[in-house]
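Trainee: please find the sequence and the predicted model below.
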Amino acid sequence: MSRNLAPWSLAAVLLAGTALADVPNVAVDIAPVHALVARVMEGVGEPSLIVAPGASPHEYSLRPSEAKALQDAELVFWVGPELTPWLDDAIDTLADDATIVALMESEGTTELPLRENALFEAHHHGDEEHAEDHEGHDHAEHENHDDHADHAEEHDGHDHAGHEHGEHDHGEQEHAGHDHGDHDPHVWLSPDNGSAWLNTIAAALSAADPDNAGAYYANAAAGREELADLRIEINSILEPLRGANFIVFHDAYQYFEAAFDFPASGAISVSDATDPSPARIAEIQERVADQKVTCIMSEPQFNPGIVASVMEGTAARTGVMDPLGSDLELGAELYPQLLRNLANALAECL
């Protein structure tokens, strides 16, 4: 055995430790976004999660460990104040020196308007009147970002999705109290948005950590391929069920419905999951009877008694849809499994 092997091995270990130490501290708001960030950081580092799995992001109180993760972060990824208005103040207070990336505001994100009514009518979400694509950016352009060397140069010193928090300004998006804005904040349930965000995440990480830019962009490209395959898989699950009527617990699934052309008939609660009024419940009960709705989906985060009251006297079955993947293991696999689980839950219930 060469006498030089041990010193060289020791040097490699020390260099690897140095590279790991240089990876930025990253904090992420919710588990599905954490999974996308984890996919991009795979083999380089791991992000910290702010909102505990299983908790509703609409209302939440930070635990000390979560506040510390936010305070230690050099880079924060979050959906934006539309989903978690309470987190806006926490970011301002605890992460004032971090680079903040509001994914809902990032290039390539398609937004859909909030739905206030209890009942939905089938329509094509792809129409321009129903969707906004930030800065006119076509999702297909993201498929041309595989050349991470060129892309890293393009983003050197410039992060179009993030900014230093000292200049953090929501402009028209400024939220007083718990105003959730005009758009549905459950944007991660569109695989197209997830695919776009992989690039945004890679760009922000590469700006903060240029030495690992190659890994970040390669991981993002692989993640986009995985989501393209997943779209095909989910369409095959849902295809035999098209035209079936179902009700969701709260209006969180509009992006999934639009992505797979699989519309719900209505939602018991509005997008921010506030308790439904008796009049809204009556509307849903009437829809269940009129359309002979066969499936009403509940959620693990909310009171199942409300679903039971809607189902009373009907032959509808119930299933569970979870927009956060509460029962899934944290990590890169959570996001695709979450979308797959939504399709499987519908298939089992309908």
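Mentor: Sure thing, it's come through. Numbers count the residues shown, from 1 in each chain.

Trainee: please count neighbours and contacts with C-alpha atoms only from this point.
Mentor: Noted.

Trainee: wait, residue 307 touches residue 250, no?
Mentor: No: counting by CA atoms under 8 Å, residue 307 stays clear of residue 250, with 10.5 Å between them.

Trainee: what sits in contact with each of the two?
Mentor: residue 268 (CA atoms under 8 Å, 6 or more residues apart in numbering).

Trainee: and residue 279, that one's in a helix?
Mentor: Yes: counting by DSSP: H, G, I helix; E, B strand; the rest coil, residue 279 is found in a helix.

Trainee: quick one: pLDDT of it?
Mentor: Per-residue confidence (pLDDT) for residue 279: 93.

Trainee: give me the low-pLDDT residue ranges for the stretch 251-350 of the chain?
Mentor: Within the stretch 251-350 of the chain, not a single segment meets pLDDT under 70.

Trainee: what ranges do the helices span in it?
Mentor: For the stretch 251-350 of the chain, the helices defined by DSSP state H, counting those that start in this stretch cover 254-260, 278-290, 304-311, 334-349.

Trainee: so of these, which one's packed in deepest?
Mentor: Highest mean neighbour count of the helices of the stretch 251-350 of the chain: helix 254-260, a mean of 21 (counted as mean count of other CA atoms under 10 Å).

Trainee: what separates stretch 286-301 from the chain centre, distance-wise?
Mentor: 25 Å (CA atoms, centre = their mean, to the nearest Å).

Trainee: pull the CA atoms of that stretch into CSV?
Mentor: Output in CSV follows, covering the C-alpha atoms of stretch 286-301 (Å, rounded to 0.1, in the frame of the first residue of the first chain):
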residue,chain,number,x,y,z
GLU,A,286,-77.7,20.5,-2.4
ARG,A,287,-74.9,20.0,-5.0
VAL,A,288,-74.2,16.6,-3.6
ALA,A,289,-77.8,15.6,-4.1
ASP,A,290,-78.3,17.3,-7.5
GLN,A,291,-75.2,15.9,-9.1
LYS,A,292,-75.3,12.6,-7.2
VAL,A,293,-71.8,13.3,-6.0
THR,A,294,-70.1,10.0,-5.1
CYS,A,295,-67.0,11.2,-3.3
ILE,A,296,-66.4,13.8,-0.6
MET,A,297,-62.7,14.3,0.3
SER,A,298,-61.6,15.2,3.9
GLU,A,299,-58.2,16.4,5.1
PRO,A,300,-56.1,15.2,8.1
GLN,A,301,-55.6,18.8,9.3
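
Trainee: run through the stretch 1-150 of the chain and note the low-pLDDT ranges.
Mentor: 1-21, 122-150.

Trainee: what segments of it are helices?
Mentor: Using DSSP H, counting those that start in this stretch, helices in the stretch 1-150 of the chain cover 5-22, 31-41, 64-72, 85-94, 148-154.

Trainee: list the contacts of the second one.
Mentor: With CA under 8 Å, 6+ apart as the test, helix 31-41 has contacts from 28, 45-49, 51-53, 77-79, 188, 194, 197-198, 201-202, 215-217, 219-220, 223, 324-326, 330-335, 338.

Trainee: how about the third one?
Mentor: Applying CA under 8 Å, 6+ apart, the contact partners of helix 64-72 are 25, 27, 48-51, 76, 91, 94-95.

Trainee: now the strands: where do they sit in the stretch 201-350 of the chain?
Mentor: Along the stretch 201-350 of the chain, the stretches classed as strands by DSSP state E, counting those that start in this stretch are 246-250, 266-269, 295-298, 317-320.

Trainee: dump those into a markdown table; add mean neighbour count and distance to residue 41 as well.
Mentor: Listed next are those as a markdown table, based on neighbours: other CA atoms under 10 Å; distance: least, CA to CA, whole Å:
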| stretch | mean neighbour count | distance to residue 41 |
| --- | --- | --- |
| strand 246-250 | 25 | 32 |
| strand 266-269 | 27 | 36 |
| strand 295-298 | 24 | 33 |
| strand 317-320 | 18 | 31 |
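
Trainee: run the chain-centre distance for stretch 313-323.
Mentor: With CA atoms, centre = their mean, you get 24 Å for stretch 313-323.

Trainee: thinking again about what came up before, of the contacts of helix 64-72, closest to residue 184?
Mentor: Nearest to residue 184 among the contacts of helix 64-72 is residue 51, at 19.1 Å by CA to CA.

Trainee: where is the longest helix in this protein?
Mentor: helix 213-238 (DSSP state H).

Trainee: so for that helix, mean pLDDT?
Mentor: Across helix 213-238, pLDDT averages out at 98.

Trainee: on that earlier part again, buried subset of the contacts of helix 64-72?
Mentor: 25, 27, 48-51, 76, 91, 94-95 (16 or more other CA atoms under 10 Å).

Trainee: and these, which is closest to residue 296?
Mentor: Residue 296 lies nearest to residue 51 out of the buried ones among the contacts of helix 64-72, by CA to CA, at 27.0 Å.

Trainee: doesn't residue 29 make contact with the closest one?
Mentor: Yes: the pair formed by residue 51 and residue 29 meets the contact definition of CA under 8 Å, at 5.6 Å.

Trainee: excluding chain neighbours, what is closest to residue 259?
Mentor: Spatial nearest neighbour of residue 259, chain neighbours left out: residue 190 (5.9 Å); criterion: CA to CA, 6 or more residues apart in numbering.

Trainee: what's the neighbour count on the one you found?
Mentor: 23 (other CA atoms under 10 Å).

Trainee: before we move on, back to that, Serialize the helices of the stretch 251-350 of the chain to a markdown table and add fields for distance to residue 238.
Mentor: Output for those, formatted as a markdown table (distance: least, CA to CA, whole Å):
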| stretch | distance to residue 238 |
| --- | --- |
| helix 254-260 | 8 |
| helix 278-290 | 21 |
| helix 304-311 | 23 |
| helix 334-349 | 7 |
